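Asker: kindly generate the corresponding structure for this input.
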Amino acid sequence: MGQKTHPIGFRLGVIRTWSSKWYEEKRYAEWLHEDLKLRRFIKKKLFHAGISKIEIERMANKVKVSVFTARPGIVIGKRGAGVDDLKREIQRLSKGEVFLNIQEIRKAELDATLVAENVAAQLERRVAFRRALKKAMQTGMKFGAKGFRIAASGRLGGAEMGRYEWYHEGRVPLHTLRADIDYGTAIAKTTYGVIGIKCWIFKGEVLDDQQSSQQGRGAPRR
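Answerer: As a prediction, this is how the structure comes out:
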């Protein structure tokens, strides 16, 4: 029996917040399916723009969609034409009034979803899987990650039998709730089958003000 839990879901309400922020009793199923439809549409349409996550906030009949991208220029387009087109298309899928917010991701090398998607794209171009995994890990550590773990599963290198391989550097404390661990997955559709990529990036510990001030002065004496 595997004792694994989702690193982001595990930390919800402790150091992480929800990607959909709304409360509804009667129309819960309708709003949930609308959120899923919006996310699928944006991810598919702007996949080449490096979409890391999509946050949705709802207030009565208003829907605020925040798109986190590594290439905001591609999303925005010339003189904001891309944003206007995207907003119109999202409006067709939603019953509420849509507000669109584009946010840039400064360090794509430290975003687990973008790292996993980058490795998946390399595998689809027939790059050696070991080289792709190790390079992603080394780049992440160079950009300041405290720990990095990346795994690939499937018919690696076109082998007859599927297997699971992973590499890690530094520390990735999966059961420490205050540890800021980013987690992302991607799928590489190769000619010999599907290969799954998982990525964990440890960025340090999130401490509250009281803890951090105590650490600055030194631990209290007993």
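Asker: how does this structure divide up, domain by domain?
Answerer: By the record's domain assignment, the chain is partitioned as 19-104, 108-205 (automatic domain parsing).
Asker: select, out of those domains, the one closest to residue 8.
Answerer: domain 108-205 (5.5 Å; Cβ to Cβ). In this view, the C-beta of every residue, glycine as well, is placed from N, C-alpha and C.
Asker: that older thread, could you dump the domains of the chain to JSON lines with mean pLDDT?
Answerer: Converted to JSON lines, those look like this (pLDDT from 0 to 100):
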{"stretch": "domain 19-104", "mean pLDDT": "91"}
{"stretch": "domain 108-205", "mean pLDDT": "94"}
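Asker: ranking those by burial, who's on top?
Answerer: Mean neighbour count (mean count of other Cβ atoms under 10 Å) peaks for domain 108-205 among the domains of the chain, with a mean of 17.
Asker: compute the first-to-last residue distance for it.
Answerer: In terms of Cα to Cα, to the nearest Å, the two terminal residues of domain 108-205 are separated by 20 Å.
Asker: okay, which residue is most central for this protein?
Answerer: When the chain is reduced to its mean C-alpha position, the nearest residue by Cα atoms, centre = their mean turns out to be residue 113, at 3.8 Å.
Asker: contacting residues for it?
Answerer: 52-53, 182, 184-186, 199 (Cβ atoms under 8 Å, 6 or more residues apart in numbering).
Asker: do residue 173 as well
Answerer: Under the criterion of Cβ under 8 Å, 6+ apart, the contact list for residue 173 reads 147, 179, 181, 202.
Asker: how far away is it from residue 179?
Answerer: Distance from residue 173 to residue 179, counting by Cβ to Cβ, to the nearest Å: 5 Å.
Asker: and the contacts of residue 173, which is closest to residue 66?
Answerer: Comparing those against residue 66 with Cβ to Cβ places residue 181 closest, at 21.4 Å.
Asker: and the closest one, helix, strand or coil?
Answerer: In three-state terms, and counting by DSSP: H, G, I helix; E, B strand; the rest coil, residue 181 is strand.
Asker: that one is in contact with residue 202, isn't it?
Answerer: Yes. In this structure, residue 181 is within contact of residue 202 by Cβ atoms under 8 Å, at 5.3 Å.
Asker: what's the overlap in contacts for these two?
Answerer: Contact with both residue 181 and residue 202 is made by residues 172-173, according to Cβ under 8 Å, 6+ apart.
Asker: would you list every one of the helices in this protein?
Answerer: With helices called from DSSP state H, the chain shows them at 28-45, 72-76, 81-93, 112-124, 129-142, 209-217.
Asker: make CSV out of the ones you listed and add distance to residue 65.
Answerer: Shown next, in CSV, are the helices of the chain (distance: least, Cβ to Cβ, whole Å):
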stretch, distance to residue 65
helix 28-45, 7
helix 72-76, 12
helix 81-93, 6
helix 112-124, 17
helix 129-142, 28
helix 209-217, 32
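Asker: which of those sits closest to residue 3?
Answerer: For the helices of the chain, distance to residue 3 was read as Cβ to Cβ. The smallest value, 20.8 Å, belongs to helix 112-124.
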